[in-house]
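Engineer: sequence first, predicted model second:
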Amino acid sequence: MRRGGAFVLERLRSAPLVLVLCACGGGGGEPGPGPHDGGPLPSTCEDLFEGEPELALEIGRITDGAFTRWSDGDEVAFAWGPQGGTMIVPTLRADASLDPDDETPCVSVEIANLEPEGGTAFEGFRGARVALAGARDGDRVVVQDVFDQLGWIEIPRDTPLELDVVVRGRRAAAHGRVALTIVPPRPAIPPECESLPTTGSGCRYRIVPATARVVRISEASEGSAQCPAASDARFVETEVTIDPAYAACTTVTTRPGSALVLQQYLPSSACLESLGVVEGSTLDAELRVIFAGTCSPVLEQITGLDACGDACVGTP
């Protein structure tokens, strides 16, 4: 039996592990204490067992104080971190002989996110190795809420994942592997919403079809845009209403807006006239509804005015 030196927190591949913690934790990115946590995250573990794992490792979740082991074929919902990362958060259990001399042993957790040959859903997030604090629970060592980041984008429904995990203590190592199906967080996203196109990177939005009723058209020099009077720019005040077929996709069904959103420009009266846009007209629009991140919850875009350029030129 060999014993190694200090085990240092590291990423096995690609992005630094700090991304895993930041994307998955709350209020600053680090995990909060749970009922089986052994204390703050250690940065190293000393004298870890380096031989082949001989103990069985259970992989699952603790809910309301009860551990449920994941089995092959189980559906597991991914979770969103506050920075827009996607992850699963398993709990691990092994026999206490992993480290029988410590009530809160320092262990290394080695995660591999595997998928069918040629799969790319977890590219850049194939696994990690991290030092964590476990806790004795009867005749077992429990490591609760292990943050396993799978990416920065929404994981498609029914994505297969073979989760392979090794936990090392000072006396032994445990190994477990389970074939899971990754699904969206519950409550399930209505099918009509899940099929909508998305946009954004750190903050992610669903693009929901809507319409915009033109409430008022005025000279842009009168409004907040403060365009030169000679520019012929017009401020178009609208009321944007979501398509009723997608009412389940957001709690916001109607909101005021204008053409001056999402890098759109103030149209000229000539362009409005060419499109036949007058007060009371109905235009195509979009509501962009956030589903990941902490940016503005809803943005509107008047797509019916995409053909108009910016008529606000010069200095007021």
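Structural biologist: Ah, there it is. Numbering: from 1, shown residues only.
Engineer: how about the strands in the stretch 1-150 of the chain?
Structural biologist: Under the criterion DSSP state E, counting those that start in this stretch, the stretch 1-150 of the chain contains strands at 7-8, 44-45, 55-56, 58-63, 66-69, 75-77, 79-80, 86-88, 91-95, 106-114, 127-133, 135-137, 140-143, 148-151.
Engineer: relative to Val236, which of these is closest?
Structural biologist: Val236 sits nearest to strand 79-80 of all these, at 34.8 Å, using C-beta to C-beta. All C-beta atoms are positioned from the backbone trio N, CA, C, and that covers glycine.
Engineer: can you redo the strands of the stretch 1-150 of the chain as a markdown table with distance to Ser201, mean neighbour count and mean pLDDT?
Structural biologist: As requested, these are exported to a markdown table (distance: least, C-beta to C-beta, whole Å; neighbours: other C-beta atoms under 10 Å; pLDDT from 0 to 100):
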| stretch | distance to Ser201 | mean neighbour count | mean pLDDT |
| --- | --- | --- | --- |
| strand 7-8 | 30 | 16 | 35 |
| strand 44-45 | 33 | 18 | 78 |
| strand 55-56 | 40 | 14 | 98 |
| strand 58-63 | 29 | 17 | 94 |
| strand 66-69 | 34 | 12 | 94 |
| strand 75-77 | 22 | 15 | 93 |
| strand 79-80 | 14 | 16 | 85 |
| strand 86-88 | 13 | 23 | 92 |
| strand 91-95 | 30 | 23 | 97 |
| strand 106-114 | 21 | 22 | 95 |
| strand 127-133 | 22 | 21 | 91 |
| strand 135-137 | 37 | 18 | 93 |
| strand 140-143 | 32 | 24 | 96 |
| strand 148-151 | 12 | 22 | 92 |
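Engineer: make JSON lines from those and add distance to Gly276 to it.
Structural biologist: Formatted as JSON lines, the strands of the stretch 1-150 of the chain follow (distance: least, C-beta to C-beta, whole Å):
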{"stretch": "strand 7-8", "distance to Gly276": "67"}
{"stretch": "strand 44-45", "distance to Gly276": "70"}
{"stretch": "strand 55-56", "distance to Gly276": "71"}
{"stretch": "strand 58-63", "distance to Gly276": "57"}
{"stretch": "strand 66-69", "distance to Gly276": "61"}
{"stretch": "strand 75-77", "distance to Gly276": "47"}
{"stretch": "strand 79-80", "distance to Gly276": "43"}
{"stretch": "strand 86-88", "distance to Gly276": "44"}
{"stretch": "strand 91-95", "distance to Gly276": "61"}
{"stretch": "strand 106-114", "distance to Gly276": "54"}
{"stretch": "strand 127-133", "distance to Gly276": "57"}
{"stretch": "strand 135-137", "distance to Gly276": "69"}
{"stretch": "strand 140-143", "distance to Gly276": "65"}
{"stretch": "strand 148-151", "distance to Gly276": "45"}
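Engineer: any idea which of the ones you listed gets closest to Asp243?
Structural biologist: Using C-beta to C-beta, the strands of the stretch 1-150 of the chain put strand 79-80 closest to Asp243, at 25.0 Å.
Engineer: mind giving me the packing neighbours of the closest one?
Structural biologist: For strand 79-80, the packing partners by 3 or more C-beta pairs under 8 Å, 6 or more residues apart in numbering; DSSP states H and E come out as strand 86-88.
Engineer: let's see 10 Å
Structural biologist: helix 18-24, strand 86-88 (3 or more C-beta pairs under 10 Å, 6 or more residues apart in numbering; DSSP states H and E).
Engineer: now do it: distance to the chain's middle.
Structural biologist: Put simply, strand 79-80 sits 5 Å off its chain's centre (C-alpha atoms, centre = their mean, to the nearest Å).
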